[in-house]
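Colleague: sharing a sequence plus its predicted fold:
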Amino acid sequence: HIGISPTNVAVQWWQLNGTPGSSFGNILQRGRIGAGIANNYRFFPGIAVNEFEDVIIGYTFSSNVSRLSSAYSFRSNTTPLNTTDDEYIYKVGLSTYFKDFGGERSRWGDYSHSALDPVDASIWTIQEYADQRVGTADADSRYGVWWAQVTPASTLLQTDATIGAVLEPNSGLLCKVPVVPKIQVRNLGTDTLKKVDVGMILDGVPLGSLTTFNNLSIATFNSSSVLTLTPSFDVAPGPHTLKIFTINPNGLADLRTFNDTTTINFTTAPTLNLPYTEDFASTVFPPANGSAVINPDGGLTWERTTLAARPAPASITVKFYDYGPDLDGARDIYRTPKINTSVLDSLAITFNVAYRQYPGFSDSLNILYSPDCGISWFRTGYSKGGSGLVTVAGTTEESFVPTGTAQWRTEKVILKDFCAKNLDNVMIGFEAVNAYGNNIYVDSINMVGFNSVSRNAILKSVSQPLPAICAGSSYAPVINFGNAGLDTIKNLKIR
């Protein structure tokens, strides 16, 4: 890369004559990508060229209004001299980034490479991008790497169909069963794709017959609309491998077969039966029922402990007392297995918690739910931190360990209206957020599912009158009522 001005960094490239002779090494063409654009920066490029003189140049892109992103520019052997085709940002940065790893300036550019595919002459590039931070401090910055594959027109054959995308099932943890496979077919041949057969192999066994898709009209490099395969299938909890393949494009032989098959590895999540109680009595953690810990920074996280419990013998804790300041804001989730909510509309969660503040610092605990097998998480009504979370008055500079039941508190969370939210299953997450403070403990997690009604006001207690009062005394009735229904109570009559 080359600095054009204090606010502009560009990528500069050359093509040199490689033919032996007097002109060997002469410049045939050259160009700059992004030159002359204020507040635009392209740096740490990597270049690759195939035998047809198709070129890819991958690099990092950023500007005053965008984050560090992965990008590339391409030119074919028909692109005008000294130019490249339009730039393509193929992985957008997710956050800001500054991390010096103890040096004097932010470190970047360790991963920038472009290379040829040894089989089909397509070209690959791998570049860095700014990944989501795990906190607000500079040290919480994270980078990621992302790859892109470009198939130049010069490498195409007449008939070549492939699986462009698998929309269901996704790789990783799978909650939704039965599986209804959904794909997109992509055409990498020069002929318009009008017909193709698609098959499936599950755990090494063919799954049903080939599904034939007729009346297609997929131009070169384009993909079909979403196509549903048959049959749908159910699978037992545990790991599985699904292979989906194309065959017979336009009723002819596929001239490039190595790209016909896509493999999806997924694990079907076990279902948690309600009611459920977890007191962490087993020494196995996370419990061997599909529970898991999500630990983005790879450091200290939820762990089982026998130092404190309610009830004995164990609880779980996040030892924020032992966290360094560089992990301020770190979030760690202990999550339950999948809960089938298609047969109920509400969930009652109770648990015991213990926490004491370190002077001047306020950690927090959030109860979350995930409707998509832990990919995304949403807050429930429970979010407590600092003085709102404490179960022991005052602060301590010691590593907190609760010493008796009086230093614990029982909490209750109600999740309602699963039907209206169209939630077939959920996972519950206990998210601890570090503020460089003190240890949080959780124990005795209880979950009960129930079906509520729209309107259900309940009398919880009567404060006045007392069970016994003196003759002639006057009083104003005082009650406490709650809402056990799905609708928000806006008004009611009390008689």
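Modeller: Received it, and whenever you're ready, just let me know what you need. Numbering: from 1, shown residues only.
Colleague: I'd guess Trp124 is in a strand, am I close?
Modeller: Yes. Using DSSP: H, G, I helix; E, B strand; the rest coil, the secondary structure at Trp124 is a strand.
Colleague: against Pro287, how distant is it?
Modeller: 41 Å (C-beta to C-beta, to the nearest Å). In short, each C-beta sits where N, CA and C put it, glycine included.
Colleague: for Trp14, same thing?
Modeller: When Trp14 is compared with Pro287 (using C-beta to C-beta), they lie 60 Å apart.
Colleague: comparing these two, which residue is more hemmed in?
Modeller: Pro287 (17 against 10; other C-beta atoms under 10 Å).
Colleague: quick check, that one in contact with Thr277.
Modeller: No. Counting by C-beta atoms under 8 Å, Pro287 sits too far from Thr277 to count as a contact (11.1 Å).
Colleague: helices along this protein, start to end?
Modeller: Using DSSP state H, no helices are found in the chain.
Colleague: center of it - which residue?
Modeller: Ile375 (4.4 Å; C-alpha atoms, centre = their mean).
Colleague: any idea how far that residue is from Leu173?
Modeller: In terms of C-beta to C-beta, Ile375 sits 9 Å off from Leu173.
Colleague: run a quick neighbour tally on Leu28.
Modeller: Leu28: 12 surrounding residues under other C-beta under 10 Å.
Colleague: quick check: mean pLDDT across stretch 63-70?
Modeller: Average pLDDT, stretch 63-70: 94.
Colleague: cool, stretch 379-388 as well?
Modeller: So the average pLDDT for stretch 379-388 ends up being 94.
Colleague: can you check stretch 276-289 too?
Modeller: 95.
Colleague: please spell out which residues along that stretch are buried.
Modeller: Neighbour-count burial for stretch 276-289 flags Tyr276, Glu278, Asp279, Phe280, Phe285, Pro286, Pro287, Asn289 (criterion: 16 or more other C-beta atoms under 10 Å).
Colleague: quick check: closest non-adjacent residue to the fourth one.
Modeller: Meaning Phe280. Ala314 (4.4 Å; C-beta to C-beta, 6 or more residues apart in numbering).
Colleague: poorly predicted segments of the chain, please.
Modeller: Residue ranges of the chain with pLDDT under 70: 324-327, 419-420, 453-454, 484-486.
Colleague: now for the closest residue to Asp424 other than its chain neighbours, how many residues are close by?
Modeller: Distance criterion C-beta to C-beta, 6+ apart; nearest residue to Asp424, sequence neighbours excluded, is Ser342 at 4.6 Å. Using other C-beta under 10 Å, Ser342 has 11 neighbouring residues.
Colleague: Ser342 is in contact with Lys421, isn't it?
Modeller: No. Using C-beta under 8 Å, Ser342 is not in contact with Lys421; the gap is 11.8 Å.
Colleague: returning to what we had before: out of the buried residues of stretch 276-289, name the ones that lie in strands.
Modeller: Using DSSP state E, the members of the buried residues of stretch 276-289 that fall in strands are Tyr276, Glu278.
Colleague: would CSV of the buried residues of stretch 276-289 with distance to Leu466 be doable?
Modeller: Formatted as CSV, those follow (distance: C-beta to C-beta, whole Å):
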residue, distance to Leu466
Tyr276, 39
Glu278, 40
Asp279, 38
Phe280, 42
Phe285, 48
Pro286, 48
Pro287, 46
Asn289, 47
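Colleague: now for the buried residues of stretch 276-289, which pair is the farthest apart?
Modeller: Greatest spatial distance among the buried residues of stretch 276-289 (C-beta to C-beta): Tyr276 and Phe285, at 16.3 Å.
Colleague: distance-wise, check the closest residue in space to Gly144 that isn't next to it in sequence relative to Asp297.
Modeller: Spatial nearest neighbour of Gly144, excluding adjacent residues (C-beta to C-beta, 6+ apart): Asp131 at 3.9 Å. Between Asp131 and Asp297 the computed distance is 12 Å (C-beta to C-beta).
Colleague: repeat for Ala71
Modeller: Taken as C-beta to C-beta, the span from Ala71 to Asp297 is 27 Å.
Colleague: those two: which has the busier surroundings?
Modeller: More neighbours surround Ala71 than the other of Ala71 and Asp297, with 25 against 18 (other C-beta under 10 Å).
Colleague: now do the contacts for that one.
Modeller: Arg42, Gly58, Tyr59, Thr60, Phe61, Glu87, Tyr88, Ile89, Tyr90, Gln127 (C-beta atoms under 8 Å, 6 or more residues apart in numbering).
Colleague: tell me the one of these nearest Leu389?
Modeller: Leu389 has its nearest neighbour among the contacts of Ala71 in Thr60, at 41.1 Å by C-beta to C-beta.
Colleague: so the closest one is in contact with Ser70, correct?
Modeller: Yes. Between Thr60 and Ser70 there is a contact at 6.9 Å, judged by C-beta under 8 Å.
Colleague: so what sits against both of the two?
Modeller: With C-beta under 8 Å, 6+ apart, Thr60 and Ser70 have common neighbours Gln127, Glu128, Tyr129.
Colleague: JSON lines please, covering these and showing distance to Val166 and neighbour count.
Modeller: JSON lines is the format used below for those (distance: C-beta to C-beta, whole Å; neighbours: other C-beta atoms under 10 Å):
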{"residue": "Gln127", "distance to Val166": "24", "neighbour count": "28"}
{"residue": "Glu128", "distance to Val166": "26", "neighbour count": "23"}
{"residue": "Tyr129", "distance to Val166": "23", "neighbour count": "26"}
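Colleague: okay, and which of these map to strands?
Modeller: Gln127, Glu128, Tyr129.
Colleague: what's the closest of the residues you listed to Glu104?
Modeller: Proximity to Glu104 was ranked across those by C-beta to C-beta; first place goes to Glu128, at 19.9 Å.
Colleague: how close does the closest residue to Gly437 other than its chain neighbours get to Val318?
Modeller: Ranked by C-beta to C-beta, 6+ apart and with sequence neighbours excluded, the top spatial neighbour of Gly437 is Phe361, at 3.6 Å. Distance of Phe361 to Val318, given as C-beta to C-beta: 14 Å.
Colleague: when those two are compared, which one has more neighbours?
Modeller: More neighbours surround Val318 than the other of Phe361 and Val318, with 27 against 16 (other C-beta under 10 Å).
Colleague: ok, what's across the strand from the nearest residue to the more buried one once chain neighbours are set aside?
Modeller: In space, and not counting its chain neighbours, Val318 is closest to Ala432: 4.2 Å by C-beta to C-beta, 6+ apart. Per DSSP bridges, the residues bridged to Ala432 are Asp332, Leu365.
Colleague: my guess is Ala432 contacts Asn439. True?
Modeller: No. Contact criterion C-beta under 8 Å: Ala432 and Asn439 do not qualify, at 9.6 Å.
Colleague: what touches both of these two?
Modeller: By C-beta under 8 Å, 6+ apart, Ala432 and Asn439 have these common neighbours: Val318, Phe320.
Colleague: Asn250: which of the shared contacts of Thr60 and Ser70 is nearest?
Modeller: Gln127 (36.0 Å).
Colleague: distance of that closest one from Tyr97?
Modeller: Distance from Gln127 to Tyr97, by C-beta to C-beta: 14 Å.
Colleague: shouldn't Gly46 be in contact with Trp124?
Modeller: No. The pair formed by Gly46 and Trp124 falls short of the contact definition of C-beta under 8 Å, at 10.1 Å.
Colleague: name the residues contacting each of the two.
Modeller: Common neighbours of Gly46 and Trp124 (C-beta under 8 Å, 6+ apart) are Ser114.
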